[in-house]
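Trainee: Test case, fold it:
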Amino acid sequence: DEVDIKGDQVRDQYREAMVDATTDSGIPLKSVYTQDDVRDLDLERELGLPGEFPFTRGHHPLMYRGKLWNIRQITGLSTPQENNRRMRLQLEEGAGALTYHPDGITLYGMEPDQPGSAGKLGRTGVISNRLADVERSLAGLPLDEVSICPGCTTPLISQSILLAAKKRGYDVSRFRLVDGWGPIWLPMGYISLKNMTLVNGKPSTFAKWGFDFWEYLLRNMPKAVIYYFDGPTAFDGGANAVQEAAFILSSRDAVLREMASRGLDLNEVAAVLSPTISLGRDFFENIAKIRALRRVWAKTLRDDFGVTNPKALPLRLHANVMGSLCTVQQPRVNLVRVAVAALSGVLSGVSGLQLAAFDEAFATPSEDALLLAIRSNQVLRYESGVGRVADPLGGSYFLESLTSKIEDEIVSLHRDMDERGGWLKLLDNGWVHDEMKKNSWEMSRQVENGERVVVGVNRFQIPPEEDVVPEVFEPEDEHVDEYVAEYVRWRENRPIAGVKAALDGLVQAANSGESLVEPVNRALEAEATFAEIIGTFRQVDGLEWDWAGERKYPF
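Mentor: Next up, the predicted model:
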């Protein structure tokens, strides 16, 4: 029988008013903004023009008339062969850049045939345990044209990409590699990876290796970009807009100081630093956060580090519409959430945009969901008209007031972090995690008590049996089993003496203080596995060979 609709329910919804008067970061908002709210702002000095200091309005004078934002979707799928197929699909459908994401087993430096790897291979990324796996993932791709960003705990994927390209005859010196080395930020989201950055309060061998690789890029690959910090990991961990921006600045300072200690010119270093930033559900806070961060980035580089390079002062940001924005309940609604967040990214002038697929709350996106994410980007590019004018919301009383308020809070927190000892110390002593946890708990409380409405979760629910469950991607067990069997045969038939000699060379290089880039290249070419290289460096730092404690040194 049909249930009668209650009149008071209709009346209440008809008369409902906005009651949430703060941004998602807790910044109080007025009901309306006027010229009085920007009277104390020197708009000419604080805004300028796009491509001019302090770059509030954008990093380039022409903005999207000069170059549209990159469409970069994450790729990390099952076996290397499946990953290659997915990468090809993305490029064929209009993506111009790729993010190569290995699975968790690779991130933790585990072997695919050890007990702790069972059921996890290829689930959250592509199985990548050796140079040959990366070669298979990249087979047939135009490596000199496509920008590839590996997301990894170490430079293993990046170095493997360069070795694979050299094998195919490419001159890698002009590559647009975007290196996403993780120890400067990954422990923020994965506390179990803490020893990847510091061991007993001192920089780990992994940290030195990562900095060695960045120094190599700076000296040898002028078109390479250093993606040194992942704001979305902070966002997923609970950081609000102000914290995420301050973390981006504090970690940047750590990178600059390390590179300066190596004799590198900070005018050149800062020009290739490009963090990612999250796009959450608060439309205007997203825009204000990005505009404020660009302003603080330019001011602090100039005033704190003496950077004057016109290519370094404008911050180029890649933005991610977060998978954590998506819900399992009523997943088709995620299409709207993602589109709204993506629009905020374009209006704020980001240089790259990655959109979560609507089924990302379930698993690795299906091909249909991935295609919709690319198409959403393309609708914004070619149909919406929002990219025709640089900073189209610039001058809005509300947006300029909010941008300045967020800027003040970013500056205050950034200064406080510096006084507390800086990024690496705060990451090591748990301060960063504690601050994110406070926000995470508060957001969860607001959802649970209904203060923060999440459509389909705490309002406008439908029974689970009436909801849509998208087709969830699962790596085919037989393909994974075939990979593991082939991998074990390959490992047993390697020239083992050469592998051991290469790993011994890593120990010698680590203990001598020399750059670890070429010793790692030699180990990869000698057919050492990623897990063996990671295990070797763990032992150098006095840690057990295997993060999971399941394997011992095998030689």
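Trainee: Got the phi and psi for the residue nearest the centre of the chain?
Mentor: Closest to where the C-alpha atoms of the chain average out (C-alpha atoms, centre = their mean) is residue 230, at 3.8 Å. Torsion angles at residue 230 (phi, psi; degrees, to the nearest 10) stand at phi -110, psi 100.
Trainee: Show the pLDDT at it.
Mentor: For residue 230, the pLDDT comes out at 92.
Trainee: how close does it get to residue 85?
Mentor: 26 Å (C-beta to C-beta, to the nearest Å). Bear in mind the C-beta positions are built from the backbone N, C-alpha and C, glycine included.
Trainee: Stretch 218-236: how far from the chain's middle?
Mentor: Computed by C-alpha atoms, centre = their mean, to the nearest Å, the separation of stretch 218-236 from the middle of its chain amounts to 9 Å.
Trainee: Strands of the protein, residue ranges please.
Mentor: 70-75, 97-100, 147-152, 178-181, 198-199, 202-203, 225-226, 276-279, 318-321, 352-354 (DSSP state E).
Trainee: Mean pLDDT added to those, as TSV?
Mentor: Output for those, formatted as TSV (pLDDT from 0 to 100):
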stretch	mean pLDDT
strand 70-75	89
strand 97-100	90
strand 147-152	87
strand 178-181	80
strand 198-199	88
strand 202-203	87
strand 225-226	94
strand 276-279	96
strand 318-321	96
strand 352-354	95
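Trainee: Of these, give the one that comes closest to residue 27.
Mentor: Evaluated over these, closeness to residue 27 peaks at strand 276-279, with 16.7 Å, by C-beta to C-beta.
Trainee: which outside residues touch that closest one?
Mentor: Residues outside strand 276-279 that contact it (C-beta atoms under 8 Å, 6 or more residues apart in numbering) are 227, 229-232, 234-236, 244-245, 248, 286, 289-290, 293, 317-322, 325, 341-342, 344-345, 350.
Trainee: and if we set it to 7 Å?
Mentor: Here strand 276-279 makes contact (C-beta atoms under 7 Å, 6 or more residues apart in numbering) with 227, 230-232, 235, 244, 248, 286, 290, 317-322, 341-342, 344-345.
Trainee: Inside helices: which ones of those?
Mentor: Mapping the contacts of strand 276-279 onto helices (DSSP state H) picks out 231, 232, 235, 244, 248, 286, 290, 341, 342, 344, 345.
Trainee: farthest-separated two in those residues?
Mentor: Most distant of these, by C-beta to C-beta, are 248 and 342, 20.1 Å apart.
Trainee: At which residues are the helices of the stretch 401-550 of the chain located?
Mentor: 423-428, 431-448, 477-492, 496-512, 517-525, 530-540 (DSSP state H, counting those that start in this stretch).
Trainee: Same question for stretch 395-403: list its buried residues.
Mentor: By neighbour count on 16 or more other C-beta atoms under 10 Å, the buried set for stretch 395-403 is 396, 397, 398, 399, 400, 401, 402, 403.
Trainee: ok, so of the residues you listed, who is nearest residue 220?
Mentor: Set against residue 220, the nearest of the buried residues of stretch 395-403 by C-beta to C-beta is residue 403 (38.2 Å).
Trainee: so the closest one sits right up against residue 288, yeah?
Mentor: Yes. Look at residue 403 against residue 288 with C-beta atoms under 7 Å: they come within range, at 4.4 Å.
Trainee: Tell me the residues that contact both of those two, please.
Mentor: In contact with both residue 403 and residue 288: no residue, using C-beta under 7 Å, 6+ apart.
Trainee: Now the nearest residue to residue 91 once chain neighbours are set aside: phi and psi?
Mentor: Take residue 91 and drop its neighbours on the chain: the residue closest to it by C-beta to C-beta, 6 or more residues apart in numbering is residue 146, 6.6 Å away. With angles defined as degrees, to the nearest 10, residue 146 sits at phi -90, psi 140.
Trainee: isn't residue 146 right next to residue 95, touching?
Mentor: No. In this structure, residue 146 is not within contact of residue 95 by C-beta under 7 Å, at 8.9 Å.
Trainee: who's in contact with the residue lying closest to residue 495 once chain neighbours are set aside?
Mentor: Once flanking residues are discounted, residue 495 sits nearest to residue 527: 7.0 Å by C-beta to C-beta, 6+ apart. Counting by C-beta under 7 Å, 6+ apart, residue 527 touches 130, 494, 499.
Trainee: neighbour-wise, which of the residues you listed leads?
Mentor: residue 130 (26 neighbours; other C-beta atoms under 10 Å).
Trainee: pLDDT wise, what is the closest residue in space to residue 189 that isn't next to it in sequence at?
Mentor: Using C-beta to C-beta, 6+ apart and skipping residues adjacent in sequence, the residue nearest residue 189 is residue 233, 4.0 Å away. Note on residue 233: pLDDT of 90.
Trainee: how many other residues sit next to residue 233?
Mentor: Around residue 233 there are 23 residues (other C-beta under 10 Å).
Trainee: start the count at 149, not 1, going forward
Mentor: Noted, 149 is the first residue going forward, which turns the last one into residue 381.
Trainee: Pretty sure it sits against residue 332.
Mentor: No. Using C-beta under 7 Å, residue 381 is not in contact with residue 332; the gap is 11.0 Å.
Trainee: Any stretches of the protein with poor pLDDT?
Mentor: Counting by pLDDT under 70, the chain shows low-confidence ranges at 149, 151.
Trainee: that older thread, from the ones in helices among the contacts of strand 424-427, pick the one nearest residue 569.
Mentor: Once C-beta to C-beta is applied, the member of the ones in helices among the contacts of strand 424-427 that ends up nearest residue 569 is residue 396, at 17.6 Å.
Trainee: ok, now which ones touch residue 448?
Mentor: Residue 448 makes contact with residue 397 under the criterion C-beta under 7 Å, 6+ apart.
Trainee: Residues touching stretch 283-301, excluding its own?
Mentor: Contacts for stretch 283-301 (C-beta under 7 Å, 6+ apart): 228-229, 231-232, 235, 239, 245-250, 255, 274, 305-306, 309, 312-313, 318, 323-326, 328, 330-331, 334, 341, 344, 375.
Trainee: From those, list just the buried residues.
Mentor: 228-229, 231-232, 235, 239, 245-250, 255, 274, 305-306, 309, 312-313, 323-326, 328, 330-331, 334, 341, 344, 375.
Trainee: how many neighbours does the nearest residue to residue 215 once chain neighbours are set aside have?
Mentor: Nearest residue to residue 215 in three dimensions, chain neighbours excluded: residue 208, at 7.5 Å (C-beta to C-beta, 6+ apart). With neighbours defined by other C-beta under 10 Å, the count for residue 208 comes to 17.
Trainee: list the contacts for the residue nearest to residue 337?
Mentor: Neighbour list for residue 381: 333, 336, 337 [criterion: C-beta under 7 Å, 6+ apart].
Trainee: Now those residues in a markdown table, please, with extra columns for neighbour count.
Mentor: Listed next are these as a markdown table, based on neighbours: other C-beta atoms under 10 Å:
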| residue | neighbour count |
| --- | --- |
| 333 | 26 |
| 336 | 26 |
| 337 | 17 |
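Trainee: Which of the residues you listed fall within helices?
Mentor: Reading helices off the contacts of residue 381 with DSSP H, I get 336, 337.
Trainee: can you pull the contacts of residue 429?
Mentor: Neighbouring residues of residue 429 by C-beta under 7 Å, 6+ apart: 172, 473, 485, 489.
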